[in-house]
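S.K.: Need a 3D model of the sequence below.
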Amino acid sequence: MSRPLLLIDVDGVISLYGFDSTAPPAGQFLLVDGIMHFLSAAAGEHLRVLARSFELAWCTGWEEKANDYLPSALGLPGSLPHVSFEDPTRVVAAHWKLNGIDRFCVDPSRPLAWIDDAHDDGCTAWAGARDGPTLLVTTDPAVGITDAHVAQLLGWAAATSRRS
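M.R.: The predicted structure is shown next:
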């Protein structure tokens, strides 16, 4: 069986915002298409660790642009696949990423985890209705991905692989 899929948002997970500017977290600024982003110092290592148990994919409004800037900045070995959100038939009542995620995840029974700072009730309902095991991990956008999130994801991946 293939590894579970981990969908990774950027803003609020890797690119932090809303933190106290007088006491910022560890990280660095990165200019992306004329916009400054503050990248978490821990995010790269977290993703490298998670890549041992998951197939990683970007799930961000940055879409393919994430590969133009982030692998090098985060010390990743290369580009990641990304979810595309161009869909004129998008259901307005659902979270804006869900149709793109469903198209990207061809096999609805494949285990999937999604880390994002903006999950809503629609995401929870969607996760509960999926055929495959699904984990939503919600971050604080001022902090981003943490050691606790990584431990939660790794534990879930291990438990999921034992079930199959």
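S.K.: Every contact and neighbour count from this point should use C-alpha atoms.
M.R.: Will do.
S.K.: Show me what counts as buried in the lowest-mean-pLDDT helix or strand in the chain.
M.R.: Sorting the helices and strands of the chain by mean pLDDT, DSSP states H and E puts helix 98-104 at the bottom, at a mean of 89. Using 16 or more other C-alpha atoms under 10 Å as the test for burial, helix 98-104 gives 98-101, 104.
S.K.: Also stretch 144-162?
M.R.: Residues 144-146, 149-150, 153-154, 156-157, 160 are the ones in stretch 144-162 that count as buried (16+ other C-alpha under 10 Å).
S.K.: Can you tell me the SS state at Val137?
M.R.: With DSSP: H, G, I helix; E, B strand; the rest coil as the basis, Val137 sits in strand.
S.K.: Tell me the spatial nearest neighbour of it, not counting adjacent residues.
M.R.: Counting by C-alpha to C-alpha, 6 or more residues apart in numbering, Val137 lies nearest to Ile115, which is 4.6 Å off, once chain neighbours are set aside.
S.K.: Kindly report the same for Asn67.
M.R.: Ser79 (5.2 Å).
S.K.: Contacts only, for Leu56.
M.R.: 5-8, 50, 80-81 (C-alpha atoms under 8 Å, 6 or more residues apart in numbering).
S.K.: for the chain, which helix is longest?
M.R.: helix 147-163 (DSSP state H).
S.K.: List the neighbours of that one that are in contact with it.
M.R.: By C-alpha under 8 Å, 6+ apart, helix 147-163 touches 3-4, 46, 50, 53-54, 111, 113, 133, 135, 137.
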